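K.L.:
fold the following and give me the result.
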Amino acid sequence: MSIKPVVTDAHQNEPKAAPKMWRSLEELLEKPDFQSMLNREFPSQAGEFTDPLSRRTFLSLMGASLALAGATGCRQPAGLIVPNIREAEGTQPGRPQYYATSMALGGYATPVLVKSYEGRPIKIEPNPQHPSLAGAPEGVSAGTDVFAQASVLGMYDPDREYPLNFEGNTTSWEDCQRGLKKSLTVLDKGNQGSAIRLVTGLVTSPTERDLIERFLKKYPGSRWHQHEPLASDNGLEGNTLAFGQALEAHPVLHDAAKKVRADVIVAIDTDLLNQGPGHLALVRQFGDLRDAASPESMTRLYAIEPTLSVTGTKADHRLAARPSAIPALVSHLAHLVGAAGGKPAAGLDAAEEKFLQVLASDLKEKSHDHTGKKLAKAESRAGHTVVVAGPRQPKEVHALVASINAKLGNAGKTVHYRAPLAGGRPLASDNSLAQLTEDMQAGRVKFLLVFDGNPAYSAPADVAFGQELLKLSGKKECTTAYMGLYQDETAIKSQWRIPQTHYLEQWGDLLAHDGRACLVQPLIAPLFSGHSAAELLAGLIVVESDPSKETKDAPIVERQGYDLVRRYWKSWFDQKRGATPELGKFKDFESFFRSAVHDGWVAGTSVAPADAKLNEGGLAGLALPAKLAGLEVVFAQDDTVYDGRFANNGWLLETPKPITKITWDNAAYVGYGTALKELKLDLKREKRGDKEYIAPAKSFGITGGEHGRAYVDVIELEVGGQKQMLPVWAQPGVADGVVVVQLGYGRTRAGRVGGMLVGEGKASPDKVGNGKSGDVVGVSCYTLRSKARLWSAPATAKVTGKSHLLACVQGHHSMEQDGRPVPLVRIGTLAENAKGPGWVEGEHAGEAHASEVPHGAPGHVHKEGEESHGEEKGRLPLTLLPAEHAPMAGYEYGKHVNRWGMVIDLNRCTGCSACVVACQSENNSPVVGKHEVSRGREMHWIRVDRYFQVNFEDLDKASEVRTYHQPVPCMQCENAPCEQVCPVAATVHSYDGLNDMVYNRCVGTRYCSNNCPYKVRRFNFLQYTDYTTPSMKLVNNPEVSVRTRGVMEKCTYCVQRIRHAEITAEKRAISQAETEKKGITREAQPKEAGKVQVRINDGEVVTACQGACPAGAIVFGDMNDPKSRIHKIKNNPATKGLNYSLLEGLNTFPRTTYLAGLRNPHPDLEAPANKG
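P.N.:
Got it, this is the predicted structure:
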């Protein structure tokens, strides 16, 4: 079924052109309102303030105010200055320091460097020294994700749990340990050890695991339960079927030398480039294999998935399939490649059959070169492909994938198998929580200690853990305790509420995805009197004894986190020193431990791959799960709040999701086919008075114009008898019959940002803590999960007739293309690029259009022999003088100074938004809230535009949707339109050519924003910055001014980092000049010899977005430096032709440019209309 086009095509017999790229349906349909918005001088409602003061009145008052200000503005305010003459040890005022540590997410370590400013952590950076992130090409950052970047805000969150209390009464740490130990002793002496239970998330920390094992040994019969909402044991169980042992699969896209590399990657219902413990390493490796400078060796990516993922957007070919249909597709693929356990699948349609046939052939051998030309002799791909299955797929799929990889020779090369890093954890961890709940119901639990994780919120619907915890807390003979960061849904149902330290406040250790141990070190004393889980466990098992008589199994006497970590690794070092050659370089434990703390990881802890031999007999009778009828619901990890643990983080809540661009909410995502056939929605919409679209029971999940207000239908989704009402969002790329819901929302005890309902059922009153009533953000979909159906389940849905406002930014800040035939985001194929880079400038796309465009106008394509002045690149000389007397603007500018520029590689960018959060953290950008976002007032300095490429009539064909990402910061134009209209010179050029903002000059006319064709300027309509909360003042970067109401702001190329590097370079040059008795020069190309040049070396300035990008898509540097990476990219013959600017015809000469994206499709699957 196809959607009828709104306007019939009068040229049906003409060749079909490639689909248009678009961000919102208004743009695709070219609605009059959308065109009006693009052409309007100021957006509607842009002048609205909350007070009645008009701009004219404001300016008239300012005239008198400035006259009066002259009398007092020069007088120093009276007050006492008390200088601090003693500096903190190890610090230097104005000079930040960096410390290596690790953040835990899902139990695994994310290695990071933390920027500390005079003892205050303010920014997260990647740790390039960690082996799992090392080996990046020169100038490519190791990268982080959005969760690591936003974690520093979580440390300063005023809603964190504080103080430690028992049943609502404040108590001390010592009294807490004493009380808990007393309860444990009573049960232990009464032989009731089985009534003692621990609940944790996934634990990989060697120190914590050691302490837990000692706790279980000290209290015989006690049990340890684990609950990690997004963890899956399907892979372990599937590999157990395939190999006869529980093993974890770890894909490796290439090794350090690239001798082993995956030329074909198959992602089966997995977002391997955006989720999972090892995704940072995988996305960097993928970026290396998509290098535009080496098109002949570019990898090819296939994706089979029910919903559009970040990985799916980078796929060269994508097959949208229902979750329950994927096992049959994988079995058919295994059959085609000849892998054990594979069986032909019945009922495949022609498109699925062709997709799998071509995929199987491509996995076995290379039949075409990168230009699409068929090879005379096919080349074997043995050991150079990889197939990866996601955690949502059942164990049978993982077993078949293991069989396929074994057949293709990938095992031990592009996929490594290892024993579980969290060894000994129970399979089906949610069944462990269910068993605990049953024991609580039966009265078999008397002592319950829960560490973080919030299981009362995230437990499946048929596991009533929260209810039973509340009942248990009401019994005097029972003890319940919860240690966590927040006063969350589990905390309020517990007797003891114990504040936990943030990872930036504690000592600890973790395992990374590759098995290497990482150390966690504190950068600041606990802000909310918290303690670590290790310290609490140590206090509960300690027996005072002579430390000199301790053995490995002796009781622990240390109670401080530092001592506990040292104690564990001292014991490990003594045991492994002789058997591990890597430890031979350390003369003693002290040097070993100092090196580990400095580097952030422990030498000698790498885990060797297991010897995995396929058990073909175990796959012979493999029975696949049956395909479901009707709707299927898919439970997905949220890209901004994870499993709900970041629900009170404003930076993340306001970060647009990579695909939908929705903020501050979750929704039920459906494909257009499902919306039309199952939910009976249509495209008819009505308008409200304020030009927002609304149509109860008729809306389609499309945006309402420039302000991003989307009033959408609310549906009632029923799964296994559980019902939940959610807004519905029609999303291109979602398979028919699939409803995707994201977990982590609907928190009732998140905090004042993420939602707080005072009065909810609890064991202790609200008078202790930071409880404040606030709106709940989104809807909890954990209430739809069951322990038997954690990832997908049959469902029914009906439209309720109600509507809901979603704040979606996909229609914000749209750029007018000015009639050019080439799109803003430019993507071609390798075959097309092999003919030459002309396609980047529209030479092919504009041939039919060229006769309509006058010579010299933007979009005109020159014919052979026609005189050219560079018009096609927007390089028109704006002068009446002859060319020999009037050099083009921009060419001579900055010739003798640093000329900073940026290149964004669309081949590498995945749209993950790590750059957005990093920029917000670095530059003190405020959070404005859902209401302001819905009015188009978000304050992000960099946005990531998401484009779909599919015709309107094909919206319901999920497999044909192509998706592209384009980060858009300030272009730093050399001929900046914004500067020409500012009446007070608040935006000007610096001496090195940067387009700077002078905040104290800005009077808020917003002329600059209107005149910016790239729509990258942001205006403080209201007072968004929090000046009152003490802890929130600490998170601001002191090197960047905090803006106030009425001030315009934008990307500055992180000018504070540039100036810091200049000071360092100048000191270095002065020192050298004094030694050599020479002068210094600051010119990039010195006019006279004999002077020491003040040179900033390439890589000394790394912008916040560049440093955070895990794919290495952003390159920044001095374009005048021949040794810089950006200079090489712009002058490399392989990439020079791919380099382009946005809206070149406007003569703005932007310093931010793009490398056009390249696809690597298989010739047998590429649609004729889309071939080069």
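K.L.:
can you show me the helices along the stretch 901-1050 of the chain?
P.N.:
914-922, 930-933, 977-981, 1007-1011, 1030-1033 (DSSP state H, counting those that start in this stretch).
K.L.:
list the helices and strands the longest one packs on?
P.N.:
Using 3 or more C-beta pairs under 8 Å, 6 or more residues apart in numbering; DSSP states H and E as the contact criterion, the elements in contact with helix 914-922 are strand 120-126, helix 146-155, helix 650-653, strand 943-949, helix 1104-1108. Glycine gets a C-beta too; all of them are placed from N, C-alpha and C.
K.L.:
extract the CA atoms of it and return them as PDB.
P.N.:
What follows is helix 914-922 as a C-alpha-only set of coordinates in PDB (Å, rounded to 0.1, in the frame of the first residue of the first chain):
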ATOM      1  CA  ALA A 914      27.400  13.900  21.900                       C
ATOM      2  CA  CYS A 915      28.600  17.200  20.300                       C
ATOM      3  CA  VAL A 916      25.400  19.000  21.400                       C
ATOM      4  CA  VAL A 917      25.700  18.000  25.100                       C
ATOM      5  CA  ALA A 918      29.500  18.700  25.100                       C
ATOM      6  CA  CYS A 919      28.900  22.200  23.700                       C
ATOM      7  CA  GLN A 920      26.300  22.900  26.300                       C
ATOM      8  CA  SER A 921      28.600  21.700  29.100                       C
ATOM      9  CA  GLU A 922      31.600  23.700  27.800                       C
END
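K.L.:
most tightly packed of the helices and strands packed on helix 914-922?
P.N.:
Highest mean neighbour count among the helices and strands packed on helix 914-922 (mean count of other C-beta atoms under 10 Å): helix 1104-1108, with a mean of 27.
K.L.:
next helix or strand past that helix?
P.N.:
Counting by DSSP states H and E, the next helix or strand C-terminal to helix 1104-1108 is strand 1114-1118.
K.L.:
can you list the strands that that next one pairs with?
P.N.:
Note on strand 1114-1118: by DSSP bridges, its sheet partners are strand 900-905 (antiparallel).
K.L.:
so which of the helices of the stretch 901-1050 of the chain is the most packed in?
P.N.:
Among those, ranked by average contacts under mean count of other C-beta under 10 Å, first place goes to helix 914-922 (a mean of 28).
K.L.:
identify the residues contacting that helix?
P.N.:
122-124, 143-146, 149-150, 152-153, 651-652, 655-656, 925, 939-944, 967, 969, 1037, 1040, 1051, 1054, 1104-1110, 1114 (C-beta atoms under 8 Å, 6 or more residues apart in numbering).
K.L.:
okay, angle between that helix and strand 1114-1118 too, please.
P.N.:
Orientation check (axes from the mean of the first three to the mean of the last three C-alpha atoms, to 10 degrees): helix 914-922 against strand 1114-1118 gives 60 degrees.
K.L.:
just how off-centre is helix 914-922 within its chain?
P.N.:
Relative to its chain's centre, helix 914-922 lies at 10 Å (C-alpha atoms, centre = their mean, to the nearest Å).
K.L.:
how about stretch 103-112?
P.N.:
With C-alpha atoms, centre = their mean, you get 14 Å for stretch 103-112.
K.L.:
so for that stretch, mean pLDDT?
P.N.:
On average, the pLDDT along stretch 103-112 is 92.
K.L.:
got the end-to-end distance for that stretch?
P.N.:
7 Å (C-alpha to C-alpha, to the nearest Å).
K.L.:
what are the buried residues along that stretch?
P.N.:
Under the neighbour-count criterion of 16 or more other C-beta atoms under 10 Å, stretch 103-112 has 103-112 buried.
K.L.:
pick out whichever of those residues sits closest to Val445.
P.N.:
Gly107 (23.9 Å; C-beta to C-beta).
K.L.:
and the longest strand belonging to the chain, what does it pack against?
P.N.:
The longest strand of the chain (DSSP state E) is strand 792-808. The contact analysis (3+ C-beta pairs under 8 Å, 6+ apart) places strand 792-808 against strand 631-636, strand 662-663, strand 709-719, strand 722-730, helix 930-933.
K.L.:
swap the cut-off to 6 Å and go again
P.N.:
strand 631-636, strand 662-663, strand 709-719 (3 or more C-beta pairs under 6 Å, 6 or more residues apart in numbering; DSSP states H and E).
K.L.:
distance from the chain centre to that strand, please.
P.N.:
For strand 792-808, the distance to the chain centre is 26 Å (C-alpha atoms, centre = their mean).
K.L.:
tell me the SS of Cys518?
P.N.:
Classification of Cys518 by DSSP: H, G, I helix; E, B strand; the rest coil places it in strand.
K.L.:
which secondary element of this structure has the worst mean pLDDT?
P.N.:
None of the helices or strands of the chain scores lower by mean pLDDT, DSSP states H and E than strand 693-694, at a mean of 40.
K.L.:
can you give me the end-to-end span of stretch 292-307?
P.N.:
28 Å.
K.L.:
for stretch 525-532, same thing?
P.N.:
With C-alpha to C-alpha as the measure, stretch 525-532 spans 12 Å from end to end.
K.L.:
any idea how far the closest residue to Asp159 other than its chain neighbours lies from Val777?
P.N.:
In this structure, Asp159 finds its nearest non-sequential neighbour in Gly751, 3.3 Å apart by C-beta to C-beta, 6 or more residues apart in numbering. For Gly751, the distance to Val777 (C-beta to C-beta, to the nearest Å) stands at 10 Å.
K.L.:
over to Ile1129?
P.N.:
In terms of C-beta to C-beta, Ile1129 sits 41 Å off from Val777.
K.L.:
so between the two, which is more surrounded?
P.N.:
Counted by other C-beta atoms under 10 Å, Ile1129 and Val777 do not tie: Ile1129 has more neighbours, with 24 against 21.
K.L.:
okay, now Arg197: neighbour count?
P.N.:
Arg197 has 20 nearby residues by other C-beta under 10 Å.
K.L.:
for it, give me its contacts.
P.N.:
223, 445, 448 (C-beta atoms under 6 Å, 6 or more residues apart in numbering).
K.L.:
before we move on, back to that, quick one: strands adjacent to the longest strand of the chain?
P.N.:
Note on strand 792-808: by DSSP bridges, its sheet partners are strand 631-636 (antiparallel), strand 662-663 (antiparallel), strand 709-719 (antiparallel).
K.L.:
now mean pLDDT too, for these, in CSV please.
P.N.:
As requested, these are exported to CSV (pLDDT from 0 to 100):
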stretch, mean pLDDT
strand 631-636, 94
strand 662-663, 91
strand 709-719, 84
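K.L.:
related to what we said a few turns ago, the buried residues of stretch 103-112: which two are farthest apart?
P.N.:
Of all pairs in these, the most separated under C-beta to C-beta is Gly107 and Val112 at 16.2 Å.
K.L.:
follow-up on the earlier one: which of the helices and strands packed on strand 792-808 sits closest to Ile1058?
P.N.:
strand 662-663 (30.6 Å).
K.L.:
just how off-centre is that closest one within its chain?
P.N.:
On C-alpha atoms, centre = their mean, the centre of strand 662-663 falls 14 Å from that of its chain.
K.L.:
repeat for stretch 392-405
P.N.:
The answer for stretch 392-405 is 27 Å, by C-alpha atoms, centre = their mean.
K.L.:
with stretch 979-992 instead?
P.N.:
34 Å.
K.L.:
hmm, back to that, between the helices and strands packed on strand 792-808, which one is nearest to Leu180?
P.N.:
Once the helices and strands packed on strand 792-808 are compared by C-beta to C-beta, strand 631-636 is nearest, at 35.1 Å.
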